[in-house]
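Engineer: Below are the sequence and a predicted model; questions follow.
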Amino acid sequence: MTSTQVDEDAQHFYRKLGYKDCGGFVVDIPGYEQPMEMIMINELMI
């Protein structure tokens, strides 16, 4: 499991590694606003 902001290129990197979107959250408190944080998940290969 990992996370990245939706406005970063890292999400494309993780998708190429097989990660899938599984949720996200938004911090919209005045003075602390941030872009949405995307949660991504991938199966562990053991």
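Structural biologist: In hand now; what should we look at? Numbering: from 1, shown residues only.

Engineer: what's the span of stretch 17-35 from first residue to last?
Structural biologist: In stretch 17-35, first residue to last residue: 23 Å (CA to CA, to the nearest Å).

Engineer: contacts for it?
Structural biologist: 1-2, 5-7, 36-43 (CB atoms under 8 Å, 6 or more residues apart in numbering). All C-beta atoms are positioned from the backbone trio N, CA, C, and that covers glycine.

Engineer: Please spell out the PyMOL selection for the buried subset of the residues you listed.
Structural biologist: Applied in PyMOL, the following selects the buried portion of those according to 16 or more other CB atoms under 10 Å:
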select buried, resi 38+40
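
Engineer: Please convert the contacts of stretch 17-35 to CSV, extending it with secondary structure, distance to residue 21 and pLDDT.
Structural biologist: As requested, the contacts of stretch 17-35 are exported to CSV (DSSP: H, G, I helix; E, B strand; the rest coil; distance: CB to CB, whole Å; pLDDT from 0 to 100):
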residue, secondary structure, distance to residue 21, pLDDT
1, coil, 12, 88
2, strand, 11, 90
5, strand, 13, 90
6, coil, 10, 89
7, coil, 15, 86
36, coil, 11, 93
37, strand, 12, 94
38, strand, 6, 94
39, strand, 7, 96
40, strand, 6, 95
41, strand, 8, 96
42, coil, 11, 94
43, coil, 14, 90
